[in-house]
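Engineer: Just the structure for this:
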Amino acid sequence: MTFVYPAVFTPQADGSGYRASFPDLACCEAFGADMEDAIENAMDAAYNWILSELEEDDCFLPNQTAIEDIPLKEGEVARKIMVRVKLLPDSE
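Structural biologist: As a prediction, the model looks like this:
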């Protein structure tokens, strides 16, 4: 399955990199020393968030917010992050 969610990348005030947050995925965040690193880490964070949710009995995956509907502060950038999760059949 393929999932796409927008992430907001915020430059750190001290210049140490970027913080990535997902408006649709509660408490899903990542950090990176540069934008490329932040994007990679955001993909990993989203993958783990989605996989964890899929393992729950009462799984709820939120709808994707349109990227143009995300309010951005000065310096922030929104990008779509795509995650592929391979679901295997239960072995029961």
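
Engineer: What ranges does this protein have for its helices?
Structural biologist: Secondary structure of the chain, counting by DSSP state H: helices at 35-54.

Engineer: Can you pull out the low-pLDDT segments for it?
Structural biologist: 90-92 (pLDDT under 70).

Engineer: List the buried residues of the longest strand along it.
Structural biologist: If you go by DSSP state E, the chain has its longest strand at strand 2-11. Under the neighbour-count criterion of 16 or more other CB atoms under 10 Å, strand 2-11 has 3, 5, 6, 7, 8, 9, 10, 11 buried. Backbone N, C-alpha and C define where each C-beta goes, glycine included.

Engineer: how close does residue 43 get to residue 71?
Structural biologist: To residue 71, residue 43 is 23 Å away according to CB to CB, to the nearest Å.

Engineer: between those two, which one's more packed in?
Structural biologist: More crowded of residue 43 and residue 71, by other CB atoms under 10 Å: residue 43, with 17 against 8.

Engineer: Enumerate every residue touching the more buried one.
Structural biologist: For residue 43, the contact set (CB atoms under 8 Å, 6 or more residues apart in numbering) comprises 81, 82, 83.
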